[in-house]
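*Asks:* Pasting a predicted model and its sequence here:
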Amino acid sequence: MLKKEQNDLLTQTGPGTPLGELFRRYWLPVMLSRELPAPGCEPVRVKLLSERLLAIRDEEDNIGLIDEFCAHRGVSLWFGRYDEKGQGGGIRCPYHGWKYAADGQCLDVPSEAEDSGFRSRIKLTSYPLVERGGILWTYMGPPEHQPPLPEYEFAMVPDAQRFVSKRIQENNWLQALEGGIDSSHVSWLHRDSLKSDPLFKGAAGNQYNLKDLRPVFEVVDTDTGLLVGVRRNADDDSYYWRITPWLMPCFTMVPPRGDHPVHGHFWVPIDDENCWAWSFDYHAGRALTEGEVQAMEDGKGIHVRYVPGTFRPLQNKENDYLMDREAQKSGRTFSGIEGIGMQDASLQESMGPIQDRTKEHLTSTDNGIVKMRRALMKAVKALAEEGAAPPGTHPSAHHVRSAAVILPRDQHFKDAAAEALTAQPGRPHASV
Amino acid sequence: MLKKEQNDLLTQTGPGTPLGELFRRYWLPVMLSRELPAPGCEPVRVKLLSERLLAIRDEEDNIGLIDEFCAHRGVSLWFGRYDEKGQGGGIRCPYHGWKYAADGQCLDVPSEAEDSGFRSRIKLTSYPLVERGGILWTYMGPPEHQPPLPEYEFAMVPDAQRFVSKRIQENNWLQALEGGIDSSHVSWLHRDSLKSDPLFKGAAGNQYNLKDLRPVFEVVDTDTGLLVGVRRNADDDSYYWRITPWLMPCFTMVPPRGDHPVHGHFWVPIDDENCWAWSFDYHAGRALTEGEVQAMEDGKGIHVRYVPGTFRPLQNKENDYLMDREAQKSGRTFSGIEGIGMQDASLQESMGPIQDRTKEHLTSTDNGIVKMRRALMKAVKALAEEGAAPPGTHPSAHHVRSAAVILPRDQHFKDAAAEALTAQPGRPHASV
Amino acid sequence: MLKKEQNDLLTQTGPGTPLGELFRRYWLPVMLSRELPAPGCEPVRVKLLSERLLAIRDEEDNIGLIDEFCAHRGVSLWFGRYDEKGQGGGIRCPYHGWKYAADGQCLDVPSEAEDSGFRSRIKLTSYPLVERGGILWTYMGPPEHQPPLPEYEFAMVPDAQRFVSKRIQENNWLQALEGGIDSSHVSWLHRDSLKSDPLFKGAAGNQYNLKDLRPVFEVVDTDTGLLVGVRRNADDDSYYWRITPWLMPCFTMVPPRGDHPVHGHFWVPIDDENCWAWSFDYHAGRALTEGEVQAMEDGKGIHVRYVPGTFRPLQNKENDYLMDREAQKSGRTFSGIEGIGMQDASLQESMGPIQDRTKEHLTSTDNGIVKMRRALMKAVKALAEEGAAPPGTHPSAHHVRSAAVILPRDQHFKDAAAEALTAQPGRPHASV
């Protein structure tokens, strides 16, 4: 149970908020690379950490994330027009032709004499936009603190080994993250999907998930986040461990199931009442099969189907997520909602735009959540009060993996699974 | 004309508000019995007095009204799943399987050892849900003050003698109630319907309604509400009296017309800007005819037609209530709106979500309204300041009737119509 | 760049606001005459300067603008019913039959004795509604300050010489007006339309608009507004002048193009986040041609196409104004938006409901805007602090014209174009 001030602190990420300042020290995924497919393509309006921005890619192939609005009189540059190739790049405001580079620098104010120096004093807020792993990333913090590019394993493997999607989730980022590090709900909410979903079913470990409903949480603080270890009984002398890494501030990985690709998420604030649920699948040891890719495109596993032309799920709160009471009664799905991704999203949205954590009642299986909040609060405080560099901004922190392993009862996962929990190019994930 | 503080007092019924506390001392209608038709049926989200609740009926046929949200992390239990028959009843949260009984008691927290005592300390807010007269009723106040079950006559007659419906009205409850005890608007707003509506037309008294446009109000304070007597000239030596009872806090009855069934309403706050308009018809002396029931189902009388699958009227503010200027010009309807129920609802909604009573100008025919407000304020004050038991919570208060009678001019309705104003099993209503 | 208080002052026009008081000293256009076509026609709900009003035209052909809501209990009189011809006119509230004249005076309270004097003490807020030039105008200020009727030239010419339309614009009035006196954006936003729009193309002066992108602004303060003179290079010894008059508080005229009809606008606040963009075309010297009228009805020039049955543009923010990136790329339209009216409206709406002027960066070509704001603030202050009569309320101020002329470089437009800038019956406008 949090105090109201604590809940506010952990859910508000707009400019100037303490947690917002923390978020701005990390590279964050902004959009799929294919949303900006080619030079001169349509600019894209982006809202991130409550800032309204515009992603552009001009005719000279300069790419950047700039303030959506012209510095002159506030017109949206989404209506802007790129200068033709050979004209020095940039996008012009359609109102009076002010031109901006992809880094926000004003390049031309046609009504003013060039030697007036006027245009050189105009610069829009802007952030870098760089491609890696099918995703465009940005860093919204002070330039002097910008870390090297991210090195999450899923983004570093060859393209054929990865699938990435994103969807809008209509609630605060934190309750989405809290679902991502909560390994215990799988045995309930997703239990029927464990048996039927093509990207989950058939793994040997699934039986332990379904049988032992009283998992024990052991949560290890790393320097850069957490390893949420959850053990269930396997054989008499062994435990089935599922280990979920959380990296600051909003990256989580699902423990693997057999040879299925490994799933993971970013939970990125759009504003305080909406977030992007980024969902990826990858296999460190092989290309994804055609069948796997097809299943992901069909909304299986952690992916979803969309309202055409949008990133909004077809199942959403306006249609009660196409809840099917018959499917619930017959046991095809525990909550009546189809699809693992929407099973999570429906419940998290049902908590309201911002969950009121002054009313919650946590148990031992919420241990990961409790420690995650503490780690965030500590880092926020250190940054705000001492200017301390937030943990895990350097890409060396990214070389982590989830794992699902059976260990003798007398071994602790942290040591026994140390190798399994470390990314290594070409080596497949460890999974029962 | 009210002061702003008075208007606030009489229109706000959320938890902790003075009027909200008063409302919570009475049995209130929640839903139609057929909305919870059988054990294991779909739970129903209910908002009442600004509280978000869930009506459940589990596989063991336990029925109750509980907090919509799980005590654990706030997920909506609407997505919940009943335990199968033979498992002790209750509904499980789909997130982690927490199970609740129909009285809100937590029965199981699967992740915790049973002997931890954890689950026994968890109990959701809950209210009883009991069936009577085709309606499920609840009492949301302190258990020690819970009165015996309601005994409104319409709810006590055999089912064949009663018809009940409800509709959402998109404004504060008070302006709806004020329409219900305002007998004078009938001669204007409903005057054309008096001649054409199958459930109103043909009564001998209707002529007086239409002829005498200057009714005289005599309002009698009872211990438990009001009797709003309205007299119009009948013959030279007699008056036509229409007597409308109001019972605290939100029950009203329409004076009858000939042998037509008698109409009545509850005006129940959903939140401060929406209310349920409950509408019933009954005849104390006989079964309703097939024709009468059909008319009620067709939205005649005080009933309405719906947007399919909802309790929202088909005529609503988005479509200007299907206002028909030609029908208004030709005199088929005075306001251009079809149907007595929607004639009232359209105008009451047009006052805005919460009528601003600091701007009103009342007349002598608003006397019932003035006295009703005074009675409410007095009861609210007595409860808040002295803890005084609100008037009329005991079912003995419910044995009241409306009446429409012709009396010699020298007789006061209260004495002369005393018997007519009292419910008595099997005896038909008194009506001209 | 404005301070927040200044921005608030210039954008808020509700009752009691300083600028609202100023607006209420002028005749303002309310609706098209054809919206109230005949005695007994449907009343029209009108929101103006944040007041909710009702335009009525009763069976006796009395016309007026009254408070939308009945003084009794607040019902919307839009549902009201006119008394039949011969009954003294007026509209009755459908609830209890209270009757009001077109000047707001209560004529009848049926439940009260006529000799009680009750009804004579009830009078709704009301404003006059008078017809001129196809428009119904109102004056919402103190009666003792009511000026004579407006005499804008477009409204005084014979009907065949004029075309008037209006559309809703979903932003504050000020950013719309600021577009109206900003002659410099034409060379950018509208440059392609100059070549293709049937009501703009072909004028000899267009070439200067398109060639000289560094216009020089010379803004002349008149007693009653501004003359915004903008010169561009023509021949070596001459300038092409486009002169835009602004009359307090919200009237502007577009400089003409050849023999095309002259365009102009009123920008009238509905509330603080919406305004009416009134658009007129007229020719002082001749009737409009059939082709011109057809083009205007088709949404050419400054007019637009509508969502059927409304005054909302078919191109609006819900459909991104039907933005066409291909048309933008190919150069058919600079911003991808079709139509001069919607080119302006789309950008102005993109600034947000109320532009935040604390973030703007103005240039020399915004000189007209700067001076307009100063003139408004000065007049507001003089009215508020000294009760000084606002400038230009008398119709003598209305006899102004826009002009587009070529002048020798050594002549100032104010003197050299003095005659061109003055309305004179029958004399065509001066235009290159």
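*Replies:* Okay, I see it.
*Asks:* Now for A:Ile354, how many residues are close by?
*Replies:* 18 (other C-beta atoms under 10 Å in any protein chain shown). Backbone N, C-alpha and C define where each C-beta goes, glycine included.
*Asks:* Name all residues that make contact with it.
*Replies:* Counting by C-beta atoms under 8 Å, 6 or more residues apart in numbering or on different chains, A:Ile354 touches A:7, A:11, A:171-172, A:175, A:272-273.
*Asks:* which of those residues has the most neighbours?
*Replies:* Going by other C-beta under 10 Å, A:Asn172 tops the contacts of A:Ile354 with 28 neighbours.
*Asks:* thought that one was touching A:Arg357?
*Replies:* No - A:Asn172 lies out of contact with A:Arg357 (C-beta atoms under 8 Å); the separation is 10.4 Å.
*Asks:* can you pull out the helices in chain A?
*Replies:* Per DSSP state H, chain A carries helices over the ranges A:4-11, A:18-23, A:153-156, A:173-180, A:191-196, A:206-211, A:290-297, A:325-329, A:340-350, A:367-386, A:413-416.
*Asks:* among those helices, which is nearest chain C?
*Replies:* Taking C-beta to the nearest C-beta, helix A:18-23 is the member of those nearest to chain C, at 19.4 Å.
*Asks:* which bits of the stretch 301-432 of chain A sit near chain B?
*Replies:* Contact residues, the stretch 301-432 of chain A versus chain B (C-beta under 8 Å from any C-beta of the partner chain): A:323, A:325, A:328-329, A:334-337, A:343, A:346-348, A:350-352, A:355-357, A:359-366.
*Asks:* correct me, but A:Gly352 touches A:Glu273?
*Replies:* No - between A:Gly352 and A:Glu273 there is no contact under C-beta under 8 Å: 9.2 Å.
*Asks:* Now A:Glu51: closest residue in space, sequence neighbours ignored.
*Replies:* Nearest residue to A:Glu51, sequence neighbours excluded (C-beta to C-beta, 6 or more residues apart in numbering or on different chains): A:Pro15, at 6.3 Å.
*Asks:* Isn't the one you found up against A:Leu53?
*Replies:* No - shown here, A:Pro15 and A:Leu53 do not form a contact pair, counting by C-beta under 8 Å, at 11.7 Å.
*Asks:* More neighbours: which of these two?
*Replies:* Under the neighbour definition other C-beta under 10 Å, A:Pro15 and A:Leu53 were set side by side, and A:Leu53 has more, 26 against 12.
*Asks:* Please name the bridge partners of that one.
*Replies:* Beta bridges link A:Leu53 to A:Val46, A:Asp67, judged by DSSP bridges.
*Asks:* For chain A, which residues are neighbours of chain C?
*Replies:* Counting by C-beta under 8 Å from any C-beta, the residues of chain A lying close to chain C are A:40, A:42, A:69, A:71-76, A:78-81, A:92, A:94-97, A:109-113, A:118, A:122.
*Asks:* give me every residue that touches the residue in the stretch 1-150 of chain A that chain B sits nearest to.
*Replies:* Using C-beta to the nearest C-beta, A:Met1 is the residue of the stretch 1-150 of chain A that sits closest to chain B, at 10.7 Å. Listed by C-beta under 8 Å, 6+ apart, the contact set of A:Met1 reads A:357-362.
*Asks:* Check what pLDDT the residue most central in space within chain A gets.
*Replies:* With distances taken as C-alpha atoms, centre = their mean, A:Phe266 lies nearest the centre of chain A, 1.3 Å away. If you check A:Phe266, the pLDDT there is 98.
*Asks:* Enumerate every residue touching it.
*Replies:* Each residue near A:Phe266 by C-beta under 8 Å, 6+ apart is listed here: A:28-29, A:250-251, A:276-278.
*Asks:* Run through the bridge partners of it.
*Replies:* A:Phe251, A:Trp278.
*Asks:* ok, the residue in the stretch 201-350 of chain A positioned nearest to chain C - how many residues close by?
*Replies:* Going by C-beta to the nearest C-beta, chain C is nearest to A:Gly309 of the stretch 201-350 of chain A, at 11.9 Å. Applying other C-beta under 10 Å, we find 6 residues neighbouring A:Gly309.
*Asks:* Determine how far stretch A:90-104 lies from the middle of the whole chain.
*Replies:* Offset of stretch A:90-104 from its chain centre (C-alpha atoms, centre = their mean, to the nearest Å): 31 Å.
*Asks:* mean confidence for it?
*Replies:* Mean pLDDT, computed over stretch A:90-104, is 97.
*Asks:* Please put the alpha-carbon coordinates of that stretch into CSV.
*Replies:* The C-alpha coordinates for stretch A:90-104 follow below in CSV (Å, rounded to 0.1, in the frame of the first residue of the first chain):
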residue,chain,number,x,y,z
GLY,A,90,14.5,20.3,-43.3
ILE,A,91,10.8,20.7,-43.0
ARG,A,92,8.9,24.0,-43.6
CYS,A,93,6.0,25.2,-41.5
PRO,A,94,3.1,25.5,-43.9
TYR,A,95,2.0,28.9,-42.5
HIS,A,96,4.9,31.2,-43.2
GLY,A,97,7.6,28.8,-44.5
TRP,A,98,9.8,28.7,-41.5
LYS,A,99,12.2,25.8,-42.0
TYR,A,100,13.6,23.4,-39.4
ALA,A,101,16.4,20.8,-39.5
ALA,A,102,15.9,17.4,-38.0
ASP,A,103,17.8,18.6,-34.9
GLY,A,104,15.3,21.4,-34.4
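*Asks:* Can you get me a residue count around A:Ser193?
*Replies:* By the measure other C-beta under 10 Å, the count of residues near A:Ser193 is 22.
*Asks:* Equivalent analysis for A:Met377, please.
*Replies:* Neighbours of A:Met377 (other C-beta under 10 Å): 16.
*Asks:* Against A:Lys359, how distant is it?
*Replies:* Applying C-beta to C-beta, to the nearest Å, the value for A:Met377 to A:Lys359 is 19 Å.
*Asks:* from the contacts of A:Ile354, which are also near chain B?
*Replies:* Restricting the contacts of A:Ile354 to those near chain B by C-beta under 8 Å from any C-beta leaves A:Gln175.
*Asks:* Present the contacts of A:Ile354 as TSV; the columns should include pLDDT.
*Replies:* Rendered in TSV, the data for these read as follows (pLDDT from 0 to 100):
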residue	pLDDT
A:Asn7	98
A:Thr11	98
A:Asn171	98
A:Asn172	98
A:Gln175	98
A:Asp272	98
A:Glu273	98
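*Asks:* which among the contacts of A:Ile354 gets closest to B:Val46?
*Replies:* Of all the contacts of A:Ile354, A:Asn171 has the smallest distance to B:Val46: 22.3 Å, by C-beta to C-beta.
*Asks:* so the closest one touches A:Ser346, yeah?
*Replies:* No - using C-beta under 8 Å, A:Asn171 makes no contact with A:Ser346, being 10.6 Å away.
*Asks:* so what's A:Leu149 up against?
*Replies:* By C-beta under 8 Å, 6+ apart, the contact list for A:Leu149 reads A:27, A:130, A:132, A:137, A:395.
*Asks:* Swap in 7 Å and give it another go.
*Replies:* A:27, A:130, A:132, A:395 (C-beta atoms under 7 Å, 6 or more residues apart in numbering or on different chains).
*Asks:* same question, A:Ala101
*Replies:* A:Ala101 neighbours (C-beta under 7 Å, 6+ apart): A:62, A:89-90, A:107.
*Asks:* Next, give phi and psi for it.
*Replies:* phi -80, psi 170 (degrees, to the nearest 10).
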